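> structure here, sequence nowhere to be found:
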Ligand SMILES: [Zn+2]
């Protein structure tokens with residue numbers, strides 16, 4: 001591991017590439033998986049890659065130097081949160097998201113669609129990856145105060161910070177994301193849930209398509225207007241929930257969409273993703289999307305799901321889970337996921353994961369982690385987040401290497417055999 005001071009000097013510089021490109025170095029003959037490089041104005045991303053989430057331009061409790069050190073190649077922030085605070089104009093004035101947060105590499109922002117629409121339905125239900133529940137549009141908001149309303153033009157929503165009213169349209173989302181200045185942005189889409197009815201899914205998809213055209217047009221206008229800024233790539237978002245025909249239609253329509261000579265630079269696969277059908281949904285879409293453009297699987301980051309995403313042709317992934325569960329003392333290990341607060345770790349002087357090479361595992365014991373969690377020390381969040389992010393980043397890096405070595409299936413069987421088996425036993 002390099003000392004931080006030295007690493008700052010060597011690594012904290014921007015890449016030379018001024019534009020955006022994607023090169024595929026290897027395509028797996030047994031699956032849809034591929035190994036490639038996404039080149040951005042802030043440097044390359046070797047894919048498949050896991051992109052840690054720094055929602056409000058910070059990965060909670062961890063320095064950007066530590067994120068770089070643990071192997072993160074890029075970070076993803078949230079347009080909705082940055083729009084509300086500090087405001088996109090502040091990031092623009094600061095020189096863009098990467099510079100603002102002292103992150104030396106590529107950045108992503110999501111469009112805000114997911115977060116804004118989540119206000120209307122409640123985060124938990126949107127995130128629930130389970131289709132085995134009632135499907136009716138009326139159940140979505142339940143008795144909650146509905147904070148977002150969708151119409152054909154855009155979404156009107158109430159800030160979760162101060163209750164003030166705001167409106168996002170495809171144009172506003174593009175303006176906000178251009179000001180934030182991430183290398184990769186997502187088109188503004190209507191994100192549905194597994195609870196929506198089929199007719200509503202169809203309506204939402206039509207809207208997402210109409211909004212995609214408006215995003216491309218506004219993106220082109222802003223790219224031309226903002227002369228001298230690094231190129232920002234725009235990814236279209238494939239919706240369609242669990243329906244094969246809708247997913248395929250979305251992939252066909254958005255994959256070939258061109259408006260005024262502008263097409264998408266890549267694609268995000270989003271919306272309601274039923275965990276049990278994740279592989280099928282992703283393969284429907286990726287068999288249709290243009291092969292030469294990168295594909296990002298939105299909001300997916302559990303180890304078992306990452307294997308499914310990679311073998312079905314996704315190149316990048318983001319998920320807030322690794323850091324979020326770390327703050328509750330839950331950690332990923334080769335022995336499965338477990339909770340460091342458990343009293344069985346009070347005198348366990350081994351690392352969280354003996355095979356992990358992260359800063360936490362090479363300097364601290366489970367007993368110490370147990371102590372800082374039980375004492376509610378702030379350091380607990382920092383150390384656990386470093387471990388979890390390293391674990392997931394490294395796992396996807398290992399998948400990349402396994403694809404190059406031709407033994408992806410072995411890695412998957414070996415990892416999941418241990419991880420899932422022991423997760424079932426050790427979870428507490
Ligand atoms: Zn570790």
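Perfect, I can see it now. Everything quoted here is computed from the prediction, not taken from an experiment.

> which residues of this protein lie near the ion?
Residues of the chain lying near the ion by CB under 5 Å from the ion: 356, 358, 360-361, 387. For the C-beta atoms, the positions are set from N, CA and C on the backbone; glycine is no exception.

> shaky segments in this structure?
1-18, 118-146, 422-428 (pLDDT under 70).

> got the contact list for stretch 356-365?
1, 66, 69-70, 333, 348-354, 369, 383-384, 386-387, 390-391, 394 (CB atoms under 8 Å, 6 or more residues apart in numbering).

> how about a cut-off of 7 Å?
Residues outside stretch 356-365 that contact it (CB atoms under 7 Å, 6 or more residues apart in numbering) are 1, 66, 69-70, 348-353, 383, 386-387, 390-391.

> may I have the distance across stretch 107-116, first residue to last?
In stretch 107-116, first residue to last residue: 21 Å (CA to CA, to the nearest Å).

> what's the answer for stretch 310-325, then?
Terminal residues of stretch 310-325 lie 23 Å apart, using CA to CA.

> contact partners for residue 56?
Applying CB under 7 Å, 6+ apart, the residues near residue 56 are 78, 81-82.

> let's see which of those residues end up in helices.
The helices, defined by DSSP state H, take in 81-82 from the contacts of residue 56.

> which of the contacts of residue 56 tops the neighbour count?
Counting neighbours by other CB atoms under 10 Å, residue 82 comes out on top of those with 25 neighbours.

> any idea how far the closest residue to that residue other than its chain neighbours lies from the ion?
Counting by CB to CB, 6 or more residues apart in numbering, residue 82 lies nearest to residue 180, which is 5.6 Å off, once chain neighbours are set aside. Plainly put, residue 180 is 31 Å away from the ion if you go by CB to the ion, to the nearest Å.

> excluding chain neighbours, give the residue nearest to the residue of the stretch 51-200 of the chain found nearest the ion in space.
In the stretch 51-200 of the chain, the residue found nearest to the ion is residue 70; the distance is 8.7 Å by CB to the ion. Leaving aside its sequence neighbours, residue 70 sits nearest to residue 390 (CB to CB, 6+ apart; 4.1 Å).

> which residues touch the one you found?
Residue 390 neighbours (CB under 7 Å, 6+ apart): 70-71, 356, 358.

> do the same with residue 78
Counting by CB under 7 Å, 6+ apart, residue 78 touches 55-56, 109-110, 115.

> now do the strands in the stretch 251-400 of the chain.
Remark: strands assigned in the stretch 251-400 of the chain by DSSP state E, counting those that start in this stretch are 258-259, 262-263, 266-269, 295-297, 316-319, 330-333, 336-339.

> about what we covered before: closest one to residue 376 out of the contacts of residue 56, please.
The nearest member of those to residue 376, counting by CB to CB, is residue 81 at 25.2 Å.

> touching, that closest one and residue 55? I think so.
Yes: using CB atoms under 7 Å, residue 81 is in contact with residue 55, at 5.5 Å.

> neighbours of the nearest residue to residue 35 once chain neighbours are set aside, how many?
With sequence-adjacent residues excluded and distances taken as CB to CB, 6+ apart, residue 35 is closest to residue 26, at 4.2 Å. Using other CB under 10 Å, residue 26 has 13 neighbouring residues.

> is it fair to say residue 26 lies in a strand?
Yes: when DSSP: H, G, I helix; E, B strand; the rest coil is applied, residue 26 is found to be in a strand.

> and it, what does it touch?
Contacts of residue 26 (CB under 7 Å, 6+ apart): 34-35, 403-404.

> and for residue 192?
Contacts of residue 192 by CB under 7 Å, 6+ apart are 200-201, 204, 239, 241, 271-272.

> that older thread, how deep is the residue nearest to residue 82 tucked in, by neighbour count?
27.

> circling back: right, and the pair among the residues of the chain next to the ion with maximum separation?
356 and 360 (7.9 Å).

> now go through the contacts of stretch 356-365 and say which are in helices.
Those of those lying in helices (DSSP H): 66, 69, 383, 386-387, 390-391.

> roughly how far apart are the residue nearest the centre of the chain and residue 174?
The centroid of the chain falls nearest to residue 318 when counting by CA atoms, centre = their mean (2.1 Å). Counting by CB to CB, to the nearest Å, the gap from residue 318 to residue 174 is 20 Å.

> for residue 336, see how far away residue 283 is.
From residue 283 to residue 336 the distance is 27 Å (CB to CB).

> remind me which helix or strand residue 89 belongs to.
helix 88-94 (DSSP states H and E).

> got the contact list for that helix?
By CB under 7 Å, 6+ apart, the residues outside helix 88-94 that reach it are 82, 97, 100, 176, 179-181.

> and those, which are buried?
82, 97, 100, 176, 179-181 (16 or more other CB atoms under 10 Å).

> among these, which are in helices?
82, 97, 100, 176, 179-180.

> now for the residues you listed: which two are most distant?
Of all pairs in these, the most separated under CB to CB is 100 and 176 at 14.3 Å.

> for the residue in the chain sticking out farthest from the centre, give me its contacts.
The outermost residue of the chain, judged against the average C-alpha position, is residue 347 (36.1 Å), by CA atoms, centre = their mean. Residue 347 makes contact with residue 367 under the criterion CB under 7 Å, 6+ apart.
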